[in-house]
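>>> my questions concern the predicted model and sequence given below.
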Amino acid sequence: MKKLKYLMMAAVCALFASCMGDSYAEPAETGSAPYGNNELTETNVISIAQLKSKFANYIATDYRDGVSYAKVTDDIKIKAIVTSSDVAGNIYQEVALQDATGAIIVSVAQGGQHGPLPIGTEVLVSLKDLYVGNYGKQAQIGVTSVNAAGATTIGRISRAVWDQHYKILSTGNKVEPTEFASGTNATTWDLDTDGGKLGIIRNVSFKSSNSSKVTDTFADANGGAGSVSWTLNEQDGRKVIVYNSNFAKFANSKVPTGKVDIVGIFKRFNNQWEIIIRSLDDIKPAEKVDPFKGLPGKGDGTQANPLDITRALAYAKLNKKDANTYYIKGTISQIDEVSTQYGNARYYLSNDGTTTDQLQVFRGLYLNGDKFTDPSQISVGKKVLILGTLDFYEATSNPQVGRNSKIISIN
């Protein structure tokens, strides 16, 4: 009897498997994404830059000074790539989106966003009936919310509402950070247009935290709700910090002691950049970067291998606002002024001593940084090795060696 019962059960299972076919075991590759609203269509799509421009007044308004949000009443959408991940707990109930024109943060009252929306997912977001505003001047999409002070600000979208406002278009898209800064160089990023982007800051080291309890870890895992911010030795701590949640899985991990490259979401908080790493994989030992790679001319800027004028001109024209000093060799081709009053000189260098393809040395100093005391200390035709910064004077579009360079040798 038992044997007959098992045979009947097997027959029933075989029948159901046959009726359901292959789709019972595997979802169809062409099927809709299991998350979001698959009914959305790619109509009325605008760029993130256009969206931020449309709501610029609200994004720029502190909630304590006025209305810092506005409802989207038009049927408009954005299409962008997910660059954030909450897998390590340092990003909380937020999704960072980026397109070719900029970035914006979506505030969602739901954890585990790395599941349905992993890094590299392309999404279509319908904005109608959502709100655009700011948190600390960082552009943000959300809904209205009342904060602890009783003020109405932009807050988190519920999971149910969010599910109706996005559609997954594709996954696995390559996401590459763009350079925010390197070493002591100031960033060229703009707080208004670049806040929220995925970036990388190179060749920096951790300096100190804002907590007396935290001396060598990213945050305080026993500190409860809150965060710890770290400054960097190479950057102004009033302008750039690394922000870490006490709830991050790596909160009690040791911060590196050497030079590193840091990838993260570079959010704006008022007039400061907050670097928010997604996991410890975002921090790696600093890679040696050749700033002169691909440029014409010769040299690497060291005393043993100084830049020639061709390469120095090409680098200065890039206008990188580089604060590093480089050794440069050339022949004095023109002298505009030697000031014994101020002890500096304005002269030009070229590779061959002619006035073709000259590099201006602006208010340079004499040997070893001493002041000039006599105009005869330099003359056209002299070969010199100098040490100075390379910059680009935008008012006259002139590449130059910045002020206070010094002559290392002259003959």
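Arrived safely, thanks for sending.
>>> distance of L349 relative to I154?
Per CB to CB, to the nearest Å, L349 is found 55 Å from I154. For the C-beta atoms, the positions are set from N, CA and C on the backbone; glycine is no exception.
>>> and if you look at D236?
From D236 over to I154 the distance is 29 Å, taken as CB to CB.
>>> also L191?
Counting by CB to CB, the gap from L191 to I154 is 18 Å.
>>> compare D236 and I154 (neighbour count), which wins?
I154 (27 against 13; other CB atoms under 10 Å).
>>> which residues does the more buried one contact?
Contacts here follow CB atoms under 8 Å, 6 or more residues apart in numbering; on that basis I154 touches 68-69, 107, 131-135, 140, 142-145.
>>> now with 6 Å?
Listed by CB atoms under 6 Å, 6 or more residues apart in numbering, the contact set of I154 reads 69, 131, 133, 140, 142.
>>> work out for me the element the nearest residue to the last one once chain neighbours are set aside sits within.
Taking CB to CB, 6 or more residues apart in numbering as the measure, G142 lies nearest to S107, with 3.9 Å between them; neighbours along the chain are not counted. Using DSSP states H and E, S107 maps to strand 102-107.
>>> what packs against that strand?
Strand 102-107 is packed against helix 48-54, strand 94-99, strand 138-146, with contacts defined by 3 or more CB pairs under 6 Å, 6 or more residues apart in numbering; DSSP states H and E.
>>> what are the buried residues along the next helix or strand after the longest one?
Secondary structure here is assigned by DSSP H and E; on that basis, the next helix or strand after strand 138-146 toward the C-terminus is strand 152-155. Buried residues in strand 152-155, counted by 16 or more other CB atoms under 10 Å: 153-155.
>>> partners of strand 152-155 in the sheet?
Strand pairing for strand 152-155, using DSSP bridges, gives strand 138-146 (antiparallel).
>>> list the buried residues in the strand it pairs with.
138-143, 145.
>>> again with stretch 62-76
Residues of stretch 62-76 classed as buried by neighbour count (16+ other CB under 10 Å): 63, 68-70, 72, 76.
>>> who are the packing partners of the longest strand seen in the chain?
The longest strand of the chain (DSSP state E) is strand 326-339. In terms of contacts (3+ CB pairs under 6 Å, 6+ apart), strand 326-339 is packed against strand 344-350, strand 383-388.
>>> now these in CSV, with mean neighbour count?
Formatted as CSV, these follow (neighbours: other CB atoms under 10 Å):
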stretch, mean neighbour count
strand 344-350, 22
strand 383-388, 19
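>>> closest to T331 out of those strands?
strand 383-388 (5.2 Å; CB to CB).
>>> tell me which residues in the next helix or strand after the closest one are buried?
Per DSSP H and E, strand 383-388 leads on to strand 390-393 as the next helix or strand towards the C-terminus. Buried residues in strand 390-393, counted by 16+ other CB under 10 Å: 390-392.
>>> tell me which of those residues is nearest to A160?
Once CB to CB is applied, the member of the buried residues of strand 390-393 that ends up nearest A160 is F392, at 52.7 Å.
>>> which of the contacts of I154 sits closest to Q334?
Nearest to Q334 among the contacts of I154 is Q140, at 54.1 Å by CB to CB.
>>> identify the residues contacting the closest one.
105, 107, 134, 154.
>>> tell me the domain ranges of this protein?
45-170, 178-285, 309-410 (automatic domain parsing).
>>> any idea how far stretch 273-284 is from the chain center?
10 Å (CA atoms, centre = their mean, to the nearest Å).
>>> which pLDDT value belongs to the closest residue to Q303 other than its chain neighbours?
Counting by CB to CB, 6+ apart, Y327 is the residue found nearest to Q303 once chain neighbours are left out, at 4.8 Å. pLDDT, Y327: 98.
>>> cool, T396 as well?
pLDDT, read off for T396, is 77.
>>> ok, Q360 next?
Predicted confidence (pLDDT) for Q360: 97.
>>> what helices and strands are in contact with the helix or strand where I265 lies?
If you go by DSSP H and E, I265 is part of strand 260-269. Applying 3+ CB pairs under 6 Å, 6+ apart, one finds that strand 260-269 makes contact with strand 197-204, strand 272-276, strand 283-285.
>>> at 7 Å what do you get?
Strand 260-269 sits against strand 138-146, strand 197-204, strand 272-276, strand 283-285, with contacts defined as 3 or more CB pairs under 7 Å, 6 or more residues apart in numbering; DSSP states H and E.
>>> among these, which comes closest to N210?
Checked against CB to CB, the stretch from the helices and strands packed on strand 260-269 lying closest is strand 272-276, at 12.0 Å.
>>> still on that earlier bit, nearest to A33 among the buried residues of strand 138-146?
Checking the buried residues of strand 138-146 against A33 by CB to CB gives I141 as the nearest, at 19.9 Å.
>>> my guess is the closest one contacts L97. True?
No: taking contacts as CB atoms under 7 Å, I141 lies outside contact range of L97: 8.3 Å.
>>> joint contacts of those two?
Here I141 and L97 have 104, 106 as joint contacts, going by CB atoms under 7 Å, 6 or more residues apart in numbering.
>>> contacting residues for K298?
308, 311.
>>> where does it land in three-state SS?
coil (DSSP: H, G, I helix; E, B strand; the rest coil).
>>> which phi and psi does it have?
Torsion angles at K298 (phi, psi; degrees, to the nearest 10) stand at phi -130, psi 160.
>>> pLDDT score for it?
Per-residue pLDDT puts K298 at 97.
>>> which residues in the stretch 151-300 of the chain form strands?
152-155, 166-170, 178-182, 197-204, 206-209, 227-232, 240-245, 260-269, 272-276, 283-285 (DSSP state E, counting those that start in this stretch).
>>> and the fifth one, what other elements does it pack with?
Same thing as strand 206-209. strand 227-232.
>>> what of the last one?
Counting contacts by 3+ CB pairs under 7 Å, 6+ apart, strand 283-285 is packed against strand 260-269.
>>> give me every residue that touches the closest residue to A109 other than its chain neighbours.
Distances taken as CB to CB, 6+ apart put R156 closest to A109, at 3.8 Å, once the chain neighbours are dropped. By CB under 7 Å, 6+ apart, R156 lies in contact with 93, 107-109, 142, 145.
>>> right, and S47 touches T101 too?
Yes: using CB under 7 Å, S47 is in contact with T101, at 4.3 Å.
>>> just the buried residues of the strand holding S107, please?
The neighbour-count check on strand 102-107 (16+ other CB under 10 Å) flags 102-107 as buried.
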